[in-house]
Structure formats: structure tokens, C-alpha cells
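Peer 1: show me how the following folds:
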Amino acid sequence: MAGDMKGQSDCDLDIISMQCDNEARYRKQITITRPIFTEETFQEGYRISTSNSSATAKLRRSCTSNLSSLSGHGLCLAVLKFFPIIGWLKEYNWRKDIIGDVISGLTTAVMRIPQEMAYALLATVPAVYGLYSAFFPVILYAVLGTSKHISIGTWAVVSIMIGNAIDAVIDVELSNINNGTSEMAEMTSGISAEDNTMLRVQIATSLCLLVGIIQTLMGVLRLGFVTNYLSEPLVRGFTTGAAVHVFTSQFPKLLGIKTTRRTGVITLVYTYIELFTKLKQTNPCAVIMSVLALMMLILIAEMNDLQAHKSWCRREGRKGKKLPIPSELFVVICATLASFLGRFESRYNLSVVGDIPTGVPVPTVPSLRGSMSLFGSAFAMAIVGFAISISMAQLFAKKHEYEVEANQELIAYGSCHIFGSFFRCFPHATSMSRTAVQEGSGGKTQLAGVISALVVVVILLRLGPLFSQLPQCILGAIIVVALRGILRQIKDLPLLWKVNNVDFAIWLLTFLCVCLLGVDLGLLCGVGIALVTIVLRTQIPNSSIIGAIPNTDIYRDVARVPDAREIPGIKIFCFSSSLCFINADNFKNSLFQKVGINPQKRLIAKHKGDLIKKLEYSHCDDEPRNDVRNEADQVQTIIIDCCMFNYIDTVGVKTLQTLITDYDKVDIRVVLANCKETVRQSLLKSATLNKKEAIGLDRMYLTLHDAVADHMPSQKDDNFKHVGVKIQNEISYETGV
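Peer 2: Numbering: from 1, shown residues only. Okay, the predicted model is just below:
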């Protein structure tokens, strides 16, 4: 009991001590005494840098910097930047890291082999071309890439985009052959079933080259910021919608049904209609194998996820990591043996992968004939592939505390595509599931990727024909299970609804557009929707009247903070956006409504008498309510808080000039506060547009407090004591911390 009382007493003492500390902290004060500054008086008393920030000056500095890099030291740095492998190989700890990279490479290869073959069939090309795409790009990325952990190769979303692009091109070109208008007439004329496969490979290779050219040019032009226009809700909504297309495309394989491949609008609806009408043609052998494979894959995948979660929770006390169970390879081996021994292809008419040639393809120059019809699809693949890849690279770079360079990544991806197109590869990106496995199994550098690529070479050189009897329904099951992570993104919606309704709308509308309109058109619509939301938020931003917190220099929205008080005779207006042509009218109307004074109408009332003035007050669009009319009559100064103005265009400048001139005519002074450098320069340059109405530095104040202090009508009035301002050409105030 005594011990309990002592513990309670100690606890009470701690609480009292904390309260004393909090009170002492609250009693701390800041006292500042300084002159009142306009931008003019501030620049007279302090030196201001006159560095030129124009586009021409920036271009000149960039050229000078590039020329200086041609020196010996600069050239060495450029080589190291272009070939990141030199940097990480110099610092590579062979004794510590090699075992992790070897284990990670082998583990990733076990997962990579069946996935690459499955995604090749998803792209409507033979499975062996997926293995090609798992070797050549991976080797080159290890040399040029800045990420140490991502796994380059085929990816479900890009593969479905490739298949749709190939189908669309073939449909259009075949329909144009008879008219003689086809650019690919020589390729498609007299096409047979056997030639159809090679035609698809040729189109996929052309797509790969185009994607590489686009990404390389973007990297050279330093356009790595382009993916900033693809917000996270947009990308996640798009990938989820694309995953629905991928999921739907695998149903015929799982059921052993042959359906017509379609492209265009509402293809999902037509596909499901055809699927239900052909349910009687279901292959029982395919269904049984698919169900068994799905059960096995899902069970092992959940076990791997649980194991990874436990390892993450206990990583502080563990020296090693448990390797994931290679479910895909296990299922592929079992299914291939069963199909071969049971002769499922001949006995049950089960579709299999078919012949897989051994050896590495001879390099050939890919054709760009008909590239104009492929350019739109190639551009979409380049942007989507880069957006996913760079986001994964940045995620793991942050986790392991190193940096990735977006423009160098673009050059690396583009070079991988161009190089791979000479070896009949098709477009690729970063696989999220393989990247997680490569990093989670102990991978430290891209040496793990090189090792996994070497395993693929062994398959190509020796073991490829062993997979010829692999049922296609098994690869379909592998793809469906691999989509688990992407389809789970639908859980974003409840959270987005609570946090941000606009992001919720972008996610959902992008998802619906992709599902209903197709992958390419859906992505375009999603980007359009996102840009429209930005325009609307810029066009109709929030605006408010700002008041002072008593005895501080803090100003807050009087509608949201009850303690904030308006200063008699002064209205402080805040507009939560940059001022430009989109919102200039809204800015003006919001100012009239919040301040309660339309200078043009007041001028009319001044000349025509009180009758018109009463009519003015009866107008409800831009005039004050009855409870604020008297306040409006007393306003002598309007302060516009420009802290949210990142830029101002010529329309915005003219709007401010007009407002200042109109309010001057009714004896109300308009001044600006918290102007950024870019805004000040734009306003000063406005003298070239209209010298009479030019806005000078004398109308711009350093802070809101400076503007308020300089326009206080009377220091003796008790109504102004809560502001804490002395009017003796100086500001003096005390604020509680």
C-alpha cells in the first residue's frame, strides 16, 4: 500500500511539474520593435539581389553549366551519372551483399519465368517473347538505372495495352487492304493463320522501339516531371480499371473457351455477353486445372504475405529473412508434368503454350512502318510504364535511403526498350509483385536482376522445350492471382471519401472510364478529369475576410476563428489562389461581396443621390447584407493579402489596376501585402501597359501587420487596442508563444 501511495505521489509530482513547465512556456513572450515597411522603404534600407530569373537567363545559365561539364572533371562526373553501375560497383561490399543478391536473383527468377510467359500471351504474342523481355532489358537497366531494387520486365497492365494496340492495328489495316489505303498493306496482304503470329510480334517490336524513342527523348529533354500530372488517385484508378480488363481477358483461358478479342468502347460488356453465351463450350479439364491452380496459388500467396508481415514486424531482432514459397514455379512444373503424362492436349483438347524455340534471337532492325497508327498507344505506354516504375523506384529508394534521378531513369527505360526491340522484345515496365519479392528476399543491388536474367538465359538455351505442354489456363491463373495487389486498391475509395472528395471522384471516374471506354481512352479521360478539377479549383477558390488575433501579429479568417476581430475602417481580403485570367472576374466579385462595397455603384450613388444608393443596397449579388452596411460605409482602406499569389498574369494585373483606380475615386485606398518576388516584378512591369495606373512599391507592404499599422485611423481609439500597434513610424507588439 505504501508503495502504491508513493507511486501515486510521484505521478502527481510529475503532473504538477509538467503543468508548471507548460505555464512557464506559455508565459514566454516575443517583443519586436521595428519600422513600418512598405516594399519601397524596405528596399531603400536593405540590399536586394538583382539576379535575373527570366527564362532567357535560366537558359543562358544552363548552357554555361553544360559547357563547363565538358572539362575533364565534368566529363568524369557525366560518365558516372550516365552509368550509375560504376558508382555502386565501386562501393559494393562483396562479402556482405553478394549472398543476398544471389538468393534474391534466384528467387525472383523462379517467379519471373512463369509470369513473363503469361504476360506474353496476354500481349497476344508467343510465350517465348516474354522470356526475351526478361533478359535483354534487365541486363541493360543494371548498367543505366539508378534504382537498386526494382524488377524490370513484363507487367500485366502494359501487356493488356499491347494486346489492345495490336488488335486495333490489325483490324484497321485488314479493313483498309481492299481499298489500297493501308500503310502496312505489304505486311498484311494475303496473311495466313501462321503469319498472324509473326505480324503480331512485328507490331509489338515496333511498339517497343517507339516507346523507347519517346522515353529517351523525354529523358534528354529532362521531362521527368511529366508524371507529376498523373496524380496518385488517377494512377491507382487507372491501374485498377486496367486490372479489370486483364482479369476479364483471362476468363476464357480459365474456362477453356475461345472468344473473339475486341477493342474499343464497352468491350467488357460484349466480352461477358459472349462468355455467358458460350458457357456450354466450357472445357472441364481446363476448369479443374484452373480451380486447383487458383486454390494453390492463393493459399501460398496468403502464406507468403503473412510471413512477410511477421518478418517485417520482427526485423529488428532477425538476422535473416525467410524466402517466399515459389508457388508459380511449383504450379507450372506440376501442371506441365500432368499435361505431358496425361496427354491433355490431344485427349481433352486443352490449349497449351506450344513450341518454345531454344537459343537467343539474332538481332534484327525493327520496322517502323505504320508507326503513326501506333504512336498514340506507344505514348500512353511510355507514360504509364514510367509513372509506375519511377513511383516504385522512389518508394524503395526512400526506404533504403538513396536517391533515384527521374531523367536518368527515363533514359535507362528508353534505352532498354530500344535495345530490346532489336531482339524482339515488347514494351515492359516495373512489376510491383516481383519488385517486392526481389527486395524482400534480400536484394541489395541490380546484381540480383542480372542473376535472375542469367537464369532466364539457361531456360532459353536448354530448358525451354520442357514447357511446351504447359496449359494456358495455368498461365491465366497465375495472371489472375498476380492481380490481387492491384485489385485491392479499390479499398482506397472509403478513405478518399473521408479525406478528399475530389480525389475520390478522380479515382472513381478514371476507373469507370477505363472499364467502359478502354485502357488508352480511359487514361486520356482520367487525365482530362484531373486537369478539369485543377482548373475548377483555380477558377473558384476560397476567399475570406481576415481579422487580427488580439495582442498578436496573427491574422485569421473571421468566419472560422471567433477570436479574430475585424479592424474598424480596414478590410483585409484574402484570395486563396494565384490571380490570372481564369479567376479574375471571380476575384473582383468576391472582393465586392466580402468587403461590401462596389465602387462603381457607390460612385453612381454619390452623383445621383440617396435614392439610387438605396437601390444599390437592395442588390444582393455583390452588395452586403443589412447587418454590414454601416461597416461598409466606414471602410477607408482595403488590404489585399497576396500571400497565396504564386504568379499574376496581365489580366490579373489589369484587374488590380482597375480596382485600385475605382476605389480611389470613392476615397478608399487599396494596398497589397505579402507579395512574392514574381508578383512584385509583374506588377512593376505593368507600367509598360498603363503608366497612369501603374502599381508601385509604395502600395506593397512587407506584411499584413505593416499594412494595418500604417493605416490605423487613430491610436487613441479604444477599438484598436486589440491590434497591439503603436503608430510612431514603428511596430511594437508582444505575442504569447
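Peer 1: low-confidence regions, the protein specifically.
Peer 2: Low-confidence segments of the chain, defined by pLDDT under 70: 1-28, 49-74, 173-194, 308-323, 370, 608-633, 687-691, 713-737.
Peer 1: is it correct that Q281 is in contact with I257?
Peer 2: Yes. Contact criterion Cβ atoms under 8 Å: Q281 and I257 qualify, at 5.4 Å. In this view, the C-beta of every residue, glycine as well, is placed from N, C-alpha and C.
Peer 1: the two - which one has more neighbours?
Peer 2: I257 (19 against 12; other Cβ atoms under 10 Å).
Peer 1: how close does the more buried one sit to S351?
Peer 2: In this structure, I257 lies at 10 Å from S351, with Cβ to Cβ, to the nearest Å as the measure.
Peer 1: swap in T227?
Peer 2: Distance check for T227 against S351: by Cβ to Cβ, it reads 38 Å.
Peer 1: for A584, same thing?
Peer 2: For A584, the distance to S351 under the criterion Cβ to Cβ works out to 63 Å.
Peer 1: may I see the buried residues of the helix or strand where N589 lies?
Peer 2: Secondary-structure element containing N589, defined by DSSP states H and E: helix 584-595. Counting neighbours by 16 or more other Cβ atoms under 10 Å, one finds that the buried residues in helix 584-595 are A584, N586, F587, K588, S590, L591, F592, Q593, K594, V595.
Peer 1: and which of these is nearest G440?
Peer 2: Using Cβ to Cβ, the shortest approach to G440 within the buried residues of helix 584-595 belongs to N586, at 50.9 Å.
Peer 1: can you report how many residues lie near the closest residue to that closest one other than its chain neighbours?
Peer 2: The shortest distance from N586 to any residue other than its chain neighbours is 6.0 Å, reached at I540 (Cβ to Cβ, 6 or more residues apart in numbering). In terms of burial, I540 registers 13 neighbours under the definition other Cβ under 10 Å.
Peer 1: so which residues of the stretch 1-150 of the chain form strands?
Peer 2: Listed from the start of the chain, the stretch 1-150 of the chain has strands (DSSP state E, counting those that start in this stretch) covering 29-35.
Peer 1: gap between P427 and D662?
Peer 2: When Cβ to Cβ is the yardstick, P427 and D662 sit 59 Å from each other.
Peer 1: looking at the two now, which is surrounded by more residues?
Peer 2: Neighbour count, other Cβ under 10 Å: between P427 and D662, P427 has more, with 34 against 18.
Peer 1: distance of the more buried one relative to C525?
Peer 2: 22 Å.
Peer 1: ok, R424 next?
Peer 2: Relative to C525, and taking Cβ to Cβ, R424 is found at 33 Å.
Peer 1: who has more neighbours out of those two?
Peer 2: Between R424 and C525, counted using other Cβ under 10 Å, the more crowded position is R424 (24 against 19).
Peer 1: just to be sure, the more buried one is in a strand?
Peer 2: No. Judged by DSSP: H, G, I helix; E, B strand; the rest coil, R424 forms no part of a strand; its state is coil.
Peer 1: can you pull out the helices in the stretch 251-400 of the chain?
Peer 2: Using DSSP state H, counting those that start in this stretch, the helices of the stretch 251-400 of the chain run over 267-277, 284-313, 327-342, 344-348, 371-400.
Peer 1: got it, and the stretch 51-200 of the chain?
Peer 2: Counting by DSSP H, counting those that start in this stretch, the stretch 51-200 of the chain has these helices, from start to end: 55-68, 72-82, 84-90, 94-122, 128-133, 136-144, 156-177, 185-188, 193-220.
Peer 1: over to the stretch 451-600 of the chain?
Peer 2: Listed in chain order, the helices of the stretch 451-600 of the chain (DSSP H, counting those that start in this stretch) span residues 472-482, 484-487, 492-499, 501-517, 519-539, 584-595, 599-608.
Peer 1: most packed of those helices?
Peer 2: The highest mean neighbour count among those belongs to helix 472-482 (a mean of 26), with neighbours defined as mean count of other Cβ atoms under 10 Å.
Peer 1: let's see that helix as CSV, backbone CA atoms only.
Peer 2: Only the C-alpha atoms of helix 472-482 are listed here, as CSV (Å, rounded to 0.1, in the frame of the first residue of the first chain):
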residue,chain,number,x,y,z
GLN,A,472,-2.5,-21.9,-71.0
CYS,A,473,-5.2,-22.0,-68.3
ILE,A,474,-2.3,-22.2,-65.7
LEU,A,475,-0.7,-19.1,-67.0
GLY,A,476,-4.2,-17.4,-66.9
ALA,A,477,-4.5,-18.5,-63.2
ILE,A,478,-1.0,-17.0,-62.5
ILE,A,479,-2.0,-13.7,-64.0
VAL,A,480,-5.3,-13.5,-62.1
VAL,A,481,-3.6,-14.2,-58.7
ALA,A,482,-0.9,-11.6,-59.6
